[in-house]
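**Student:** Requesting a structural model of the entry that follows:
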Amino acid sequence: NTFPSWHHGAAPSSSSLGFLACRILSKHVVAKKTLDLAGVIESGVHSLKVSLRRRRQGFDFGRFSITGLSLWRYLNLTPDGVVLGLIGANVAIFLLWRVADPKFMRKHFMISLDNFKSGRLHTLLTSAFSHAEFDHLLTNMIGLYFFGTSIGRLFGPEFLLQLYLAGALGGSIFFLLHKVLIAPSSKGTFRLDYSRIPGLGASAAVNAIILLDVFLFPKNIYYVNLIIPVPAVLMGALIIGTDLWRVKKGEGDISGSAHLGGALVAALVWARVKKGWI
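**Tutor:** Numbering: from 1, shown residues only. Got it, this is the predicted structure:
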């Protein structure tokens, strides 16, 4: 059995708008926070070594207990370490698609009304780490790499992880709501069993991270395909406008509703930052 070529988030497409959020480099990321992939990997490895060293020091094998104020402080993760960990998790599940039973993967790593009503609530999050196609994975990880590192260094590793998970949850909820409330009445579509249409991908989570950066720094310049300079505010408008258009015309391989869920999370977090609550 096969599943529809549908992606919970931005799927590979020839349209530059469809991938605008994943094929650009932020000027402030490049100019002020020049990143080296080898440096990120080295930082992640260092974070892991520190984590293991603390684990040996703080773990009482006799009483099976962990010392410290919190698990987060115990792990001592860094922004680069979280980015590397998120990318690693996405890559691991991508590889799992190659070896695991497809039926198992559809049940546990894709979001759908059928999965939700069957009690597989974990798919609200696991679907945001799941990619079945390499180009889908690559574009999402590029966006996560550049913008995730930027946001993580501004607000900390815990904030970055929470934002990723919140964007994933928001995207999944919007995807399900669209299937329940909007998709059945969409014009120009065949009569389908919407409860069984699945989605997957990190795009909603990455969209939340990218758009928060856009909202925080609207005057920054981004480079589409590394060449075309575009103001951040214009890029944000294009991203959101494109997703609204997708929802209006009826979703195909790319879910505008899931993207908008991530966008809403970014807007809510931005509002809290502006009010000084974060």
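**Student:** any low-confidence regions in this protein?
**Tutor:** 1-76, 183-195, 251-252 (pLDDT under 70).
**Student:** mind listing the helices for it?
**Tutor:** For the chain, the helices defined by DSSP state H cover 27-32, 37-58, 71-75, 79-99, 102-108, 113-117, 123-126, 134-143, 149-155, 157-177, 203-216, 232-249, 256-274.
**Student:** Kindly reformat these as JSON lines containing mean neighbour count and distance to Tyr223.
**Tutor:** Yep, even glycine has a C-beta here, placed from its N, CA and C like the rest. Listed next are those as JSON lines, based on neighbours: other CB atoms under 10 Å; distance: least, CB to CB, whole Å:
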{"stretch": "helix 27-32", "mean neighbour count": "15", "distance to Tyr223": "7"}
{"stretch": "helix 37-58", "mean neighbour count": "14", "distance to Tyr223": "18"}
{"stretch": "helix 71-75", "mean neighbour count": "14", "distance to Tyr223": "34"}
{"stretch": "helix 79-99", "mean neighbour count": "18", "distance to Tyr223": "20"}
{"stretch": "helix 102-108", "mean neighbour count": "15", "distance to Tyr223": "36"}
{"stretch": "helix 113-117", "mean neighbour count": "18", "distance to Tyr223": "38"}
{"stretch": "helix 123-126", "mean neighbour count": "20", "distance to Tyr223": "32"}
{"stretch": "helix 134-143", "mean neighbour count": "20", "distance to Tyr223": "13"}
{"stretch": "helix 149-155", "mean neighbour count": "21", "distance to Tyr223": "15"}
{"stretch": "helix 157-177", "mean neighbour count": "23", "distance to Tyr223": "23"}
{"stretch": "helix 203-216", "mean neighbour count": "29", "distance to Tyr223": "14"}
{"stretch": "helix 232-249", "mean neighbour count": "17", "distance to Tyr223": "10"}
{"stretch": "helix 256-274", "mean neighbour count": "23", "distance to Tyr223": "21"}
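**Student:** Could you dump these into TSV with distance to Leu226 added?
**Tutor:** Below are these laid out as TSV (distance: least, CB to CB, whole Å):
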stretch	distance to Leu226
helix 27-32	10
helix 37-58	16
helix 71-75	35
helix 79-99	20
helix 102-108	34
helix 113-117	38
helix 123-126	32
helix 134-143	11
helix 149-155	17
helix 157-177	24
helix 203-216	16
helix 232-249	14
helix 256-274	22
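**Student:** Can you tell me which of those is nearest to Arg196?
**Tutor:** Among the helices of the chain, the nearest to Arg196 by CB to CB is helix 113-117 (5.0 Å).
**Student:** Tell me how far Glu158 lies from Phe147.
**Tutor:** Applying CB to CB, to the nearest Å, the value for Glu158 to Phe147 is 17 Å.
**Student:** ok, now Tyr164?
**Tutor:** 11 Å.
**Student:** if I look at the two, which residues touch both of them?
**Tutor:** Common neighbours of Tyr164 and Phe147 are listed as Val206, Ile209 (criterion: CB atoms under 8 Å, 6 or more residues apart in numbering).
**Student:** quick one on the thing from earlier: any idea which of the helices of the chain gets closest to Ile197?
**Tutor:** Across the helices of the chain, Ile197 has its closest neighbour in helix 113-117 (7.8 Å, CB to CB).
**Student:** Contacts for the closest one next, please.
**Tutor:** Residues contacting helix 113-117 (CB under 8 Å, 6+ apart): Lys107, Thr123, Leu124, Leu176, Lys179, Val180, Tyr194, Ser195, Arg196, Ile197, Pro198.
**Student:** Contacts only, for the closest residue to Pro231 other than its chain neighbours.
**Tutor:** Distance criterion CB to CB, 6 or more residues apart in numbering; nearest residue to Pro231, sequence neighbours excluded, is Ile221 at 6.2 Å. Shown in contact with Ile221 (CB under 8 Å, 6+ apart): Lys27, Pro229, Val230, Pro231, Ala232.
**Student:** Can you add distance to Ala168 and give the residues you listed back as JSON lines?
**Tutor:** Below are the contacts of Ile221 laid out as JSON lines (distance: CB to CB, whole Å):
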{"residue": "Lys27", "distance to Ala168": "27"}
{"residue": "Pro229", "distance to Ala168": "30"}
{"residue": "Val230", "distance to Ala168": "26"}
{"residue": "Pro231", "distance to Ala168": "28"}
{"residue": "Ala232", "distance to Ala168": "23"}
